[in-house]
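> task: produce atomic coordinates for the following.
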Amino acid sequence: MTTRIAALLIGACACGGGETAADFEGDYELVDQRSGSCEGPLEPQPIEPTDQFFRLRAEPRDDGTIVAYFPCVSPGECVDTYDLFRSFGRADGRWVTTIATAIGMDGDDGCLLRFRHRELTSASGDLLIVDTVYEVMDPTLPAAECDQGTARERGDTMPCVSLTELSAEPR
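I've put the predicted structure just below:
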């Protein structure tokens, strides 16, 4: 059995309105993480030491400027290369990351479609990242249509399976 997986897209474009990428620049500490189902209350979660500190910086790319995410081992001690999966691009006037995946069995019908939407906002210098995951197992989807494009097209119309809120403060 072989599994096919399609990956990431950061919606980066030069769109107007709201904060600029430079407005988010700085070093941050993750101070609260809550997760749960999309309908129920969010429960406090432990913060992994590898996720506790990070830096955000405006980074120009061919398709627009992104808010680049740099993991840090301590305040001010960050890696040199940004993590594209945790960075944010501008789409529809918001700073978001969307990741669409499709997992199917080669030659067989049926597909697990997943769409992850992360949104970055700020209030008084603090950050909020809301991470929502939508997912469906479609046993009728032909193998030829089990791809990232189908997952992206269905997006947030699929059932919401998890919600995480991350709160961070400047350091």
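
> ok, now which ones touch the most centrally placed residue in the chain?
Closest to where the C-alpha atoms of the chain average out (Cα atoms, centre = their mean) is R118, at 3.6 Å. R118 makes contact with R86, F88, V96, T97, T98, I129, V130, D131, T132, according to Cβ atoms under 8 Å, 6 or more residues apart in numbering. Where you see a C-beta, it was placed from the backbone N, CA and C, and this is true even at glycine.

> in strands, which of the residues you listed fall?
With strands defined by DSSP state E, the entries of the contacts of R118 inside them are V96, T97, T98, I129, V130, D131, T132.

> all helices for this structure, in order.
148-154 (DSSP state H).

> shaky segments in it?
By pLDDT under 70, the low-scoring segments of the chain are 1-17, 106-107.

> at 50 what do you get?
Residue ranges of the chain with pLDDT under 50: 1-17.

> which residues in this structure form strands?
Counting by DSSP E, the chain has these strands, from start to end: 3-4, 8-9, 26-36, 43-44, 53-61, 64-74, 77-78, 89-91, 94-105, 111-123, 126-138, 160-170.

> and those as CSV, adding distance to T20?
Listed next are these as CSV, based on distance: least, Cβ to Cβ, whole Å:
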stretch, distance to T20
strand 3-4, 38
strand 8-9, 21
strand 26-36, 13
strand 43-44, 32
strand 53-61, 7
strand 64-74, 8
strand 77-78, 21
strand 89-91, 9
strand 94-105, 10
strand 111-123, 11
strand 126-138, 15
strand 160-170, 17
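
> G149: which of these is closest?
With Cβ to Cβ, the closest approach to G149 among the strands of the chain belongs to strand 94-105: 7.7 Å.

> how far off centre is that closest one?
A distance of 8 Å separates the centroid of the chain from that of strand 94-105, by Cα atoms, centre = their mean, to the nearest Å.

> give me the sheet partners of it and which way each runs.
strand 3-4 (antiparallel), strand 8-9 (antiparallel), strand 89-91 (antiparallel), strand 111-123 (antiparallel) (DSSP bridges).

> now distance to C78 too, for these, in JSON lines please.
Conversion of the strands paired with strand 94-105 to JSON lines gives the following (distance: least, Cβ to Cβ, whole Å):
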{"stretch": "strand 3-4", "distance to C78": "34"}
{"stretch": "strand 8-9", "distance to C78": "21"}
{"stretch": "strand 89-91", "distance to C78": "20"}
{"stretch": "strand 111-123", "distance to C78": "17"}
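
> any idea which of those is most buried?
strand 89-91 (a mean of 22; mean count of other Cβ atoms under 10 Å).

> ok, now how distant is the nearest residue to V67 once chain neighbours are set aside from R118?
Closest residue to V67 apart from its sequence neighbours, by Cβ to Cβ, 6 or more residues apart in numbering: F88 at 4.3 Å. Distance, F88 to R118, by Cβ to Cβ, to the nearest Å: 7 Å.
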